[in-house]
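Novice: Predicted model and sequence below, questions to follow.
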Protein chains: 2
Amino acid sequence: MRSLDPILRRLRGLASLSDAEVEFVRGLGDRRERRGQGEQLVAEGAAARPRFVVSGWACRQRLMPDGRRQIFSLLLPGDSFGFGTRPALCSVTALTALDTMDAGALQEAARRGAAPGLARALAAAETLDDALLLDHAVRLGRMTAFERVAHFLLELQQRLEIVGLGDRQRFPLPLTQEILADALGLSVVHVNRTLQQLRRAALLELRSGVAILLEPDAMARVCDYRATTTLEPNKAA
Amino acid sequence: MRSLDPILRRLRGLASLSDAEVEFVRGLGDRRERRGQGEQLVAEGAAARPRFVVSGWACRQRLMPDGRRQIFSLLLPGDSFGFGTRPALCSVTALTALDTMDAGALQEAARRGAAPGLARALAAAETLDDALLLDHAVRLGRMTAFERVAHFLLELQQRLEIVGLGDRQRFPLPLTQEILADALGLSVVHVNRTLQQLRRAALLELRSGVAILLEPDAMARVCDYRATTTLEPNKAA
DNA sequence: CGCTTCTTTGACGAGCCTCAAACTGAGTGG
DNA sequence: CCACTCAGTTTGAGGCTCGTCAAAGAAGCG
């Protein structure tokens, strides 16, 4: 089941999994759900069931009554959401067409101790999410528009490379500038101008949904990007 | 032990506690630690031991190499930090002189099922922290300076009232404008001018470390403030 | 008191936003 | 196959918000 690769790559990057655990995840393949762009997967305050993103992009977000939106994080293929038993603190919305997979059985297995590796991977995933949210708060509160965009693109590059959807320089970016604006706390117009600035600086190329970081290291320097990782890197391949 | 009131008030606001559990918390009173203003309580990446703030204010924050600072949340009397077993994602620093109390025994009791009420309260506290962090991200990303300050003051009013350190209008505010600036993603000068704007609008009074919200409801309207609470309010007094 | 920290004020400029309109490209239907 | 539409991107003009720099008050504190 090739389509589960991002999920497995992500989990194995977060903790070592036994062969049985890998098979267990592969066996989850049923219980898919397909959602269209713009559909809400989880409402704020609702009890969510645990799921993985199989393909497509989603986000956690909140809307203000006057229409302003803040995106807290992007959910990429391989990412999980709805774990933990509490009601959702923000809504989850599909940014593109989306395939998700139910992970209730996985959560249950981890909970009762049947899959220690998976349990560790899920805990690490949660920690990583929290760390990325702090990174995001720093972007929003203390970085310039130029730094925010660069920093955000570097984060996406890293996360997508981990799940096998991009390399060190190139990755899919199926987002409108409006979505970037709502994630980065900027206006659409200013996102547009900032992207042009990155292009003029020969740091970035954008072509039909693909981003190319021409000089990732230089880009990381201008925004003080440092990869956010968990502390237990996977020792196994 | 009157000094433990904020802690007990907060926990009982998050979940119903048995009498035994209340006594258990009271019995924790030893193992205090006193820290001076500016001291770091937890370093980023360090393993933290669980503690309560008994008195004084602290914050979670990150520093950028060039000196920029982002404050993620304030820790008020009654607040806990260092729970959970993972290394700290950001540092914790005393904003005033500070008294903390070790809560290792409490965490242990909750973990092994000996104190279900306390366990629920701790889980609710964590959820609330997460929710407040999302509120904060919305402030940083999508609110004007005026809205940010108003919204932040309303949050503080609510949290302090819960722990018995203020009423509907009045509460202690032992923060410099620089700290407010680093929390709200603004410059000190602009925080100053925004506070004056709130005073001119007859919404706020500040006198020697005490804030007075002259019209909390009007203030809540201008920044669309809605109290962030957990879903299990305490039924008992 | 004299020092330091914090607050306040002014002047100025840059960053970012808003409004508005033109442009592009990918459907879509005639 | 060609308008036509619609979402998204780009550009321009103008202005407000907010930041920076600098210095003057005010307020704690030893």
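Specialist: Nice, I can see it.

Novice: Let me see the mean pLDDT of the top helix by length along chain A.
Specialist: With secondary structure taken from DSSP state H, chain A has its longest helix at helix A:116-142. Throughout helix A:116-142, pLDDT has a mean value of 97.

Novice: so whichever helix or strand comes after it versus helix B:116-142, what angle?
Specialist: Going down the chain from helix A:116-142, the next helix or strand is helix A:145-162, by DSSP states H and E. Angle of helix A:145-162 versus helix B:116-142, following axes from the mean of the first three to the mean of the last three CA atoms, to 10 degrees, is 130 degrees.

Novice: so how far is the helix or strand of chain A with the lowest mean pLDDT from its chain's centroid?
Specialist: Lowest on mean pLDDT, DSSP states H and E among the helices and strands of chain A sits strand A:32-35, with a mean of 93. Distance of strand A:32-35 from the chain centroid (CA atoms, centre = their mean, to the nearest Å) equals 18 Å.

Novice: Would you mark the buried spots in that strand?
Specialist: By neighbour count on 16 or more other CB atoms under 10 Å in any protein chain shown, the buried set for strand A:32-35 is residue A:35. (C-beta placed from N, C-alpha, C; glycine too.)

Novice: What are the contacting residues of it?
Specialist: A:41, A:51, A:54, A:56, A:94, A:97-102 (CB atoms under 8 Å, 6 or more residues apart in numbering or on different chains).

Novice: Could you rerun that using 10 Å?
Specialist: A:3, A:41, A:49, A:51, A:54-56, A:58, A:93-94, A:96-102 (CB atoms under 10 Å, 6 or more residues apart in numbering or on different chains).

Novice: Please export the C-alpha coordinates of it as CSV.
Specialist: Output of strand A:32-35 as CSV, limited to C-alpha atoms (Å, rounded to 0.1, in the frame of the first residue of the first chain):
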residue,chain,number,x,y,z
ARG,A,32,-10.7,5.8,4.5
GLU,A,33,-12.5,9.0,4.1
ARG,A,34,-12.3,11.4,1.3
ARG,A,35,-13.1,15.1,1.7
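
Novice: what's the neighbour count on residue A:192?
Specialist: As a burial measure, residue A:192 scores 15 neighbours (other CB atoms under 10 Å in any protein chain shown).

Novice: mind listing what it touches?
Specialist: So residue A:192 contacts A:177-178, A:180-181, A:186 (CB under 10 Å, 6+ apart).

Novice: Please repeat the previous calculation with a cut-off of 7 Å.
Specialist: For residue A:192, the contacting residues are residue A:177, by CB atoms under 7 Å, 6 or more residues apart in numbering or on different chains.

Novice: how about the residues of chain A near DNA strand C?
Specialist: A:144-146, A:185-187, A:189-190, A:194, A:208 (CB under 7 Å from any atom of the strand).

Novice: Give the partner strands of the least confident helix or strand of chain A in its sheet and their orientations.
Specialist: Paired strands of strand A:32-35, with direction, are strand A:98-102 (antiparallel) (DSSP bridges).

Novice: Among the contacts of strand A:32-35, name the buried ones.
Specialist: Judged by 16+ other CB under 10 Å, buried ones among those: A:41, A:49, A:51, A:54-56, A:58, A:93-94, A:96, A:98-102.

Novice: Look up the closest residue to residue A:141, ignoring the ones flanking it.
Specialist: In this structure, residue A:141 finds its nearest non-sequential neighbour in residue B:185, 3.2 Å apart by CB to CB, 6 or more residues apart in numbering or on different chains.

Novice: Of the buried ones among the contacts of strand A:32-35, which pair is most distant in space?
Specialist: Farthest apart among the buried ones among the contacts of strand A:32-35 by CB to CB are A:49 and A:96. That separation is 21.1 Å.

Novice: Which one of the residues of chain A next to DNA strand C is nearest to chain B?
Specialist: residue A:185 (3.2 Å; CB to the nearest CB).

Novice: Quick check on the nearest residue to residue A:157 once chain neighbours are set aside: phi, psi?
Specialist: Nearest residue to residue A:157 in three dimensions, chain neighbours excluded: residue A:171, at 5.5 Å (CB to CB, 6+ apart). The phi and psi values for residue A:171, taken as degrees, to the nearest 10, are phi -160, psi 160.

Novice: Over to residue A:81?
Specialist: Per-residue torsions, residue A:81: phi -150, psi 160 (degrees, to the nearest 10).

Novice: likewise residue A:89?
Specialist: phi -90, psi -10.

Novice: per-residue confidence at it?
Specialist: For residue A:89, the pLDDT comes out at 97.

Novice: cool, residue A:233 as well?
Specialist: Reported pLDDT at residue A:233 in the predicted model: 45.

Novice: measure stretch A:97-116 end to end?
Specialist: 33 Å (CA to CA, to the nearest Å).

Novice: What lies in contact with it?
Specialist: Contacts for stretch A:97-116 (CB under 7 Å, 6+ apart): A:21, A:24-25, A:28-29, A:31-37, A:49-56, A:58, A:80, A:83, A:118-119, A:122.

Novice: Apply 6 Å and report the result again.
Specialist: For stretch A:97-116, the surrounding residues in contact (CB atoms under 6 Å, 6 or more residues apart in numbering or on different chains) are A:21, A:31-37, A:49-56, A:58, A:118-119, A:122.

Novice: re the thing from before, can I assume the residue nearest to residue A:141 is in contact with residue B:140?
Specialist: Yes - at 4.7 Å, residue B:185 counts as touching residue B:140 under the criterion of CB atoms under 6 Å.

Novice: Show me chain A divided up by domain.
Specialist: The domain map for chain A lists A:2-136, A:143-222, with the assignment taken from automatic domain parsing.

Novice: now those as CSV including distance to residue B:220?
Specialist: As requested, those are exported to CSV (distance: least, CB to CB, whole Å):
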stretch, distance to residue B:220
domain A:2-136, 13
domain A:143-222, 22
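
Novice: Go through those and name the closest to DNA strand D.
Specialist: Nearest to DNA strand D among these is domain A:143-222; the distance by CB to the nearest atom of the strand comes to 3.4 Å.

Novice: Indicate whether the closest one makes contact with DNA strand D.
Specialist: Yes - for domain A:143-222, a contact with DNA strand D is found by CB under 7 Å from any atom of the strand, at A:176-178, A:188-189, A:192-193, A:195-196, A:206.

Novice: Could you point out which of those residues is nearest to DNA strand C?
Specialist: Using CB to the nearest atom of the strand, these come closest to DNA strand C at residue A:189, 3.6 Å.

Novice: Which of the three states applies to the closest one?
Specialist: Three-state assignment for residue A:189 (DSSP: H, G, I helix; E, B strand; the rest coil): helix.
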